[in-house]
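In: following is a predicted model, sequence given first.
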Amino acid sequence: MDIESNGSNKRVFHGLGNKPHQNHNQNQSQNQIQKVCYHWQAGRCNRNPCAFLHRELPPPPLPSHSSSSASTSFNGGSSKRAHGLGGVGPRNDGFSSRKNPNFNNTWGRVSGGAGAGPPKKMERVCNYWVQGNCSYGDNCKFLHSWSIGHSFSLLTTLEGHQKVVTGITLPSGDKLYTGSKDEHVRIWDCASGQCVSAIHLGGEIGCMISEGPWVFIGLPNMVKAWNIETVTDMSLSGPAGQVYSLVVGNDMLFAGTQDGSILAWKFNPATNCFEPAASLVGHTHAVVTMFVGANRLYSGSMDNSIRVWNLETLQCIQILTEHTSVVMSVLCWEQFLLSASLDNTIKVWAATQSGNLETTYTHTEEQGILTLCGMFDSEAKPVLLCSTNDNFVHVYDLPSFTERGKIISKQEIRAVQAGPSGLFFTGDGNGQVRVWNWLKEPKTAV
């Protein structure tokens with residue numbers, strides 16, 4: 001699926017939630033500078049400096065979480081997820097399900113003026129450094145790194161795929177699975193970082209997920225299901241065209257297809273097979289993203305809409321139509337739904353008293369957005385990774401959308417996946433898979 005953004009190529013960073021500005025004019029009244037900026041509250045203040053406050057009282061702190069120290073080797077740790085589609089353990093989607101209603105009013109704002117702000121470095125990687133022969137060293141004005149920021153670091157790069165990486169998953173603690181449009185699934189040993197197997201599937205891989213011992217792969221006109229424990233596989237027929245998205249919910253496997261339908265299968269232990277369960281119809285173009293949360297299935301499509309389905313009845317209960325281009329990614333965090341589109345926006349949706357979702361905040365990028373991935377950093381703080389059409393992944397604090405850093409690639413990054421033990425993974429259009437780990441934030445003197 002080749003999708004291009006309609007936005008311009010000019011990149012101008014617009015920071016949300018600036019740091020609180022100090023009193024720059026001693027003649028201003030004390031009452032004026034103690035007021036919170038009305039335009040900042042609405043998310044559209046363009047004054048720098050601004051005479052009013054760009055802050056409010058911080059929300060209650062997040063509950064503390066024990067965090068494993070970041071691994072310095074490429075090792076995903078042990079897998080404790082339950083097996084099968086029935087009674088599975090917690091999904092590794094990054095974000096937890098805990099709720100904090102105070103975040104409802106803090107989207108796009110830096111609480112207490114403590115935001116780090118955007119990194120101030122040259123955003124171009126040195127070509128000579130890439131080739132290993134830059135003579136300028138530390139004095140080079142270009143980056144000698146594939147990232148900007150101090151929150152994460154690159155562990156290793158996995159080479160082997162020849163086309164864009166479209167799926168990354170860890171069904172076990174010692175093996176990483178990656179899929180690509182080059183029609184191959186590669187299996188990597190987490191201890192050595194070496195590819196131990198490359199399996200040709202005879203069709204472009206549109207997506208890939210894992211659940212318990214199962215690895216599911218979206219192909220043209222089918223879904224391939226592998227059981228890595230029994231070393232068996234089966235082909236699930238029914239999709240029309242490429243399968244672009246897969247998700248598991250309510251003991252069913254859902255596949256978003258090129259013709260706009262969503263097919264569902266249920267595993268039957270008696271026959272040891274996946275049996276067709278339903279076909280969800282409504283989208284008029286390809287379904288390219290899906291997410292399950294709060295007993296709902298959310299589907300985003302090339303018809304620019306998001307459909308909300310009841311997982312019990314499999315009926316569409318709401319259609320969200322505020323995006324003006326392809327909805328590329330949806331995910332849930334806290335009580336919110338986040339959606340990203342090639343219309344250059346991330347929309348945050350919250351439920352009203354009636355239960356319907358409405359937009360509560362919109363974040364704008366300069367380029368079309370390809371994918372979102374939510375996770376927690378080494379300090380158990382929620383972060384959002386946002387891949388854009390200009391070959392960047394922006395790393396944002398939530399809910400302020402303060403940028404903490406960037407990941408840079410030679411081509412666009414289509415796959416981002418959270419991992420265990422402080423690891424996460426990116427796969428780009430060049431076929432490279434990079435392994436990253438979160439670092440402890442350095443303590444600054446007060």
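Out: Thanks, I have it. Just so you know, these numbers come straight off a predicted model, no measurement behind them.
In: the domain parsing of this protein - what is it?
Out: Listed domain ranges for the chain are 10-55, 111-438 (source: automatic domain parsing).
In: buried deepest among those, which one?
Out: Among these, ranked by average contacts under mean count of other C-beta atoms under 10 Å, first place goes to domain 111-438 (a mean of 19). Using the backbone N, CA and C atoms, a C-beta is placed for each residue, glycine as well.
In: ok, longest strand in this structure?
Out: strand 232-249 (DSSP state E).
In: parallel or antiparallel, list what pairs with that strand.
Out: strand 214-227 (antiparallel), strand 252-257 (antiparallel) (DSSP bridges).
In: helices of this protein, start to end?
Out: Assigned by DSSP state H, the chain shows helices spanning 30-33, 38-41, 127-130.
In: lowest-confidence stretch among these?
Out: Mean pLDDT per stretch puts helix 30-33 lowest among the helices of the chain, at a mean of 38.
In: mean pLDDT lowest for which of the domains of the chain?
Out: Among the domains of the chain, domain 10-55 scores lowest, with a mean of 45.
In: rewinding a little: and the strands paired with strand 232-249 as a markdown table, adding distance to Ala286?
Out: Below are these laid out as a markdown table (distance: least, C-beta to C-beta, whole Å):
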| stretch | distance to Ala286 |
| --- | --- |
| strand 214-227 | 11 |
| strand 252-257 | 7 |
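In: quick one: which of those strands is nearest Val165?
Out: For the strands paired with strand 232-249, proximity to Val165 was assessed by C-beta to C-beta; strand 214-227 is nearest, at 13.1 Å.
In: which residues does the closest one contact?
Out: 84-85, 167, 169, 171, 177, 179, 185, 201-210, 213, 228, 232-246, 248, 253, 255, 265, 274 (C-beta atoms under 8 Å, 6 or more residues apart in numbering).
In: apart from its chain neighbours, what residue comes closest to Val287?
Out: Nearest non-adjacent residue to Val287, counting by C-beta to C-beta, 6 or more residues apart in numbering: Gly256, 3.0 Å away.
In: can you name the residues bridging to the one you found?
Out: According to DSSP bridges, beta-bridge pairing links Gly256 with Ser245, Ile262.
In: ok, now Glu358?
Out: The partner residues for Glu358, given DSSP bridges, come to Ala350.
In: spatially speaking, which residue is in the middle of the chain?
Out: The centroid of the chain falls nearest to Cys373 when counting by C-alpha atoms, centre = their mean (1.5 Å).
In: show me what that residue is bridged to.
Out: Leu385.
In: end to end, how far does stretch 399-416 reach?
Out: 20 Å (C-alpha to C-alpha, to the nearest Å).
In: chain center to it: distance?
Out: 9 Å (C-alpha atoms, centre = their mean, to the nearest Å).
In: got it, and stretch 244-253?
Out: 17 Å.
In: cool, and stretch 225-239?
Out: That offset, for stretch 225-239, works out to 26 Å (C-alpha atoms, centre = their mean).
In: if we can go back for a sec, now the longest strand of the chain - C-alpha only, CSV.
Out: Output of strand 232-249 as CSV, limited to C-alpha atoms (Å, rounded to 0.1, in the frame of the first residue of the first chain):
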residue,chain,number,x,y,z
THR,A,232,2.1,-26.0,12.9
ASP,A,233,0.6,-23.5,10.6
MET,A,234,-2.7,-22.9,8.8
SER,A,235,-4.1,-20.5,6.2
LEU,A,236,-7.3,-18.6,6.9
SER,A,237,-9.1,-17.8,3.7
GLY,A,238,-11.8,-15.2,3.1
PRO,A,239,-10.1,-11.8,2.8
ALA,A,240,-10.5,-10.0,-0.5
GLY,A,241,-7.1,-8.4,-1.4
GLN,A,242,-4.3,-7.4,1.0
VAL,A,243,-4.8,-7.8,4.7
TYR,A,244,-3.5,-4.6,6.2
SER,A,245,-4.4,-4.9,9.9
LEU,A,246,-4.8,-7.6,12.5
VAL,A,247,-6.0,-7.6,16.2
VAL,A,248,-7.3,-10.0,18.8
GLY,A,249,-10.3,-9.2,21.0
